[in-house]
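Peer 1: model the following, please.
(2 chains)
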Amino acid sequence: MPFRRLILLCSLFLLLAQPAAEVRAELVVVVNARCGVAAMTRNEVVNIFFGRNHQYFNGIEAQPVDLPDGHPDRKRFYGLLVGKDLSEVNAYWSRQLFSGRMQPPVKVNSAEEVLKWVVSHPGGIGFVDLAKADARVRVVYELTP
Amino acid sequence: MIAKLFRPLAPVGLPGKLLLGIVASAVLSLASPAIAQSTSAFSLNGFGTFGLARTTTDDVEFVRDISQARGVGSEWSALIDSVLGLQAAWRVTPHLEAVVQATSRYRYDRTFTPDISWGFVKYNPTPNLSLRAGRLGTEFFMMADSRWVGYSFLTVRPSGDFFWYLPFYSIHGADAAISVPLGENILRAKAFYGHSDGRIPLADQQWDIAGSPMVGAFLEYQYGPWLARASYANIEFKNDLPIAPVLKSALGIDLSAQDAAFLATRDTRTHYYSLGLVYDQGPWQAQLMLNHIEQGSNALQCSDGGYALLGYRIGEVTPYLGYSWVLSKARGTGPSAITAYVMQDSRSDQQTTFAGLRWDVVRNVALKAQWDAINGDSSSLFPYRQDNRARWDGRMNVFSLTLDFVF
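Peer 2: Below you'll find the predicted structure:
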């Protein structure tokens, strides 16, 4: 009964695949737990990640960290934050860079390295899956679709 | 075949081929990842465009701005839009940075000779205050200091009706910029002062504007996806336009001392005012810019210009539509037929409707195609080169294709 087996296989696949898609964790913005920032608004997060503002409300310098283009969280982050494609984010940064205004945020390769950056910089700020945010960092903004 | 694209003049040939070679190798090496990845103190980045353009007339030559000595006619040419830029930056400390940027593009002397566009030291005494000194880009108008970074904007080139009159790119001087967060919004102010450093072509001659003092400032307000800016700048010219040698060589006419005095640019001041409004959120991009230029010399007409641009991204493709205009105010004829002839030359009176498509093909590479329909008066001569005044009717179409990249 190869046909029945196929159905079985398909439903098994669906069972496995569907929850995985549903529990795909929420992206959150995290800061160094000791920087004194408890919560941020969407515009405040945009201002920091686009280099328009380099300071938190309490005067501490914000030190944002980003991921490379190839990392799926980067696409999700900018898509949810400003509705922009990565090509548009990169175009923005090429204008800032080649006009001599500023360099884009430092990029690290993984969520683990984002956390490491945020913990080791007093004004560190990055974005990770909610599940990865531990006690060393504070969640200040949740990205909702 | 490719060399033929750099048609107009012989001196273009070799540097042109060189540029093409560099562009080609840069494009081939684009597999490497994006801008400034490293956390190291040194970074090297680049940008470039390979662009082709043609018009539907040979009565005038179309240029990107009046810093270019020759332009394109009815044959495809890579002359006006092709560029390659390289930037090296050294972060000495987190708050002190040294930057050098070199650019090769078609310029006043009809070559692609690379020049150092910026070379400065930047110091941030506080996170939101930035001080720079050295050779700096000037922002007479919004986005004026990134006009050659095609990848950074939507259109093939910045709107000519708005930017033609602005052949200034850099100063030797200093600037200061401060950002002040006001709740969720940001107020930003910048002021600069310095001496210009450049030349502007006039027929087969060049106008030396080196040493001319420039000063300017702007105020900018970021309100969510909205950005509004008001800016002012002026330049005081230290040299006269090379009108006498141009008249002599082109028409065999001697410029009288009286006419020369009437047309003097030396010690005159030109004022630039502008307003800009940008909306950038989700798939939408919109810009509205207005400028007013008040010329101090009788040889140059005052003008008003502006543009409106609207783009909407669908996947990797962003179609856009725009309209731009420029209108100068005639000053009469002056004391003689010669002055009348010269004064006609700085006349602009035209509107441009443009439509195009930006396609982000792969990471950090964009392909663009654009059509400009220029509808002007036959007296609109200032934006062009090599005009045939007897035949020019003020109307043309411009077709452009560009490949823009950053690395």
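
Peer 1: and for stretch A:38-55, what are the contacting residues?
Peer 2: Identification of contacts with stretch A:38-55 by C-beta atoms under 8 Å, 6 or more residues apart in numbering or on different chains yields A:29, A:61-62, A:64, A:66, A:81-82, A:92, A:96, A:102, A:104-105, A:125, A:138, A:140-141, B:124, B:126-128, B:179, B:181, B:184-186, B:188, B:222, B:224. Just so you know, the C-beta spots here come from the backbone N, C-alpha and C atoms, and that holds for glycine as well.

Peer 1: give me the distance between the closest residue to chain A within the stretch 301-407 of chain B and residue A:44.
Peer 2: Residue nearest to chain A within the stretch 301-407 of chain B: residue B:360 (3.8 Å; C-beta to the nearest C-beta). In this structure, residue B:360 and residue A:44 are 28 Å apart, going by C-beta to C-beta, to the nearest Å.

Peer 1: hmm, whatever helix or strand residue B:195 lives in in reach of chain A?
Peer 2: In this structure, residue B:195 sits in strand B:185-196 according to DSSP states H and E. Yes. Judged by C-beta under 8 Å from any C-beta of the partner chain, strand B:185-196 comes into contact with chain A at B:185-186, B:188.

Peer 1: and which of those residues is nearest to chain A?
Peer 2: residue B:186 (4.9 Å).

Peer 1: check the secondary structure at the residue nearest to that closest one when sequence neighbours are not counted for me.
Peer 2: Computed as C-beta to C-beta, 6 or more residues apart in numbering or on different chains, the closest residue to residue B:186 that is not its neighbour in sequence is residue B:222, at 4.2 Å. The local conformation at residue B:222, judged by DSSP: H, G, I helix; E, B strand; the rest coil, is strand.

Peer 1: any idea how many residues pack against residue B:222?
Peer 2: The number of residues packed near residue B:222 is 24, by other C-beta atoms under 10 Å in any protein chain shown.

Peer 1: cool, residue B:310 as well?
Peer 2: 16.

Peer 1: tell me which residues touch the residue in chain A that chain B sits nearest to, please.
Peer 2: Closest to chain B within chain A is residue A:83: 3.2 Å, counting by C-beta to the nearest C-beta. Listed by C-beta under 8 Å, 6+ apart, the contact partners of residue A:83 are B:281-283.

Peer 1: mind listing what's buried in stretch B:109-118?
Peer 2: Using 16 or more other C-beta atoms under 10 Å in any protein chain shown as the test for burial, stretch B:109-118 gives B:110-112, B:114, B:117-118.

Peer 1: which element, helix or strand, includes residue B:103?
Peer 2: Short version, using DSSP H and E: residue B:103 is in strand B:96-105.

Peer 1: check the offset of that strand from the chain's centre.
Peer 2: Averaging C-alpha positions (C-alpha atoms, centre = their mean, to the nearest Å) puts strand B:96-105 17 Å from its chain's average.

Peer 1: what's opposite the residue nearest the centre of chain A in the beta bridge?
Peer 2: For chain A, the residue nearest the mean C-alpha position is residue A:127 (3.0 Å; C-alpha atoms, centre = their mean). Residues in a beta bridge with residue A:127, per DSSP bridges, are residue A:29.

Peer 1: interface residues of the stretch 201-350 of chain B facing chain A?
Peer 2: So far as C-beta under 8 Å from any C-beta goes, the stretch 201-350 of chain B lies against chain A at B:222, B:224-225, B:281-283, B:313, B:316.

Peer 1: wait, what's in contact with residue B:330?
Peer 2: By C-beta under 8 Å, 6+ apart, the contact list for residue B:330 reads B:301, B:343, B:347.

Peer 1: now, which of the contacts of stretch A:38-55 lie within helices?
Peer 2: Counting by DSSP state H, the contacts of stretch A:38-55 place A:81-82, A:92, A:96 in helices.

Peer 1: I'd say the residue nearest to residue B:186 and residue B:188 touch.
Peer 2: Yes. Look at residue B:222 against residue B:188 with C-beta atoms under 8 Å: they come within range, at 7.1 Å.

Peer 1: in stretch B:205-218, what's buried?
Peer 2: B:205-209, B:212-218.

Peer 1: redo the residues you listed as a markdown table? Include secondary structure, pLDDT and distance to residue B:354.
Peer 2: A markdown table is the format used below for the buried residues of stretch B:205-218 (DSSP: H, G, I helix; E, B strand; the rest coil; pLDDT from 0 to 100; distance: C-beta to C-beta, whole Å):
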| residue | secondary structure | pLDDT | distance to residue B:354 |
| --- | --- | --- | --- |
| B:205 | strand | 90 | 32 |
| B:206 | strand | 91 | 30 |
| B:207 | strand | 93 | 29 |
| B:208 | strand | 90 | 33 |
| B:209 | coil | 90 | 29 |
| B:212 | coil | 94 | 32 |
| B:213 | strand | 96 | 35 |
| B:214 | strand | 96 | 30 |
| B:215 | strand | 97 | 33 |
| B:216 | strand | 96 | 28 |
| B:217 | strand | 97 | 31 |
| B:218 | strand | 97 | 26 |
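
Peer 1: any idea how far residue A:142 is from the closest residue to chain A within chain B?
Peer 2: Nearest residue of chain B to chain A (C-beta to the nearest C-beta) works out as residue B:282 at 3.2 Å. Using C-beta to C-beta, residue B:282 is found at 19 Å from residue A:142.

Peer 1: write the PyMOL selection for whichever of the residues of strand B:185-196 next to chain A are buried.
Peer 2: Here is the PyMOL command that picks out the buried ones among the residues of strand B:185-196 next to chain A, judged by 16+ other C-beta under 10 Å:
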select buried, chain B and resi 185+186+188
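
Peer 1: closest to residue A:75 among the residues of strand B:185-196 next to chain A?
Peer 2: Checking those against residue A:75 by C-beta to C-beta gives residue B:186 as the nearest, at 25.6 Å.

Peer 1: pretty sure residue B:121 contacts residue B:93?
Peer 2: No. Taking C-beta under 8 Å as the definition, residue B:121 is not a contact partner of residue B:93, at 11.6 Å.

Peer 1: what is in contact with these two at once?
Peer 2: Contact with both residue B:121 and residue B:93 is made by no residue, according to C-beta under 8 Å, 6+ apart.

Peer 1: between these two, which one's more packed in?
Peer 2: The residue with more neighbours, out of residue B:121 and residue B:93, is residue B:121; 15 against 9, by other C-beta under 10 Å.
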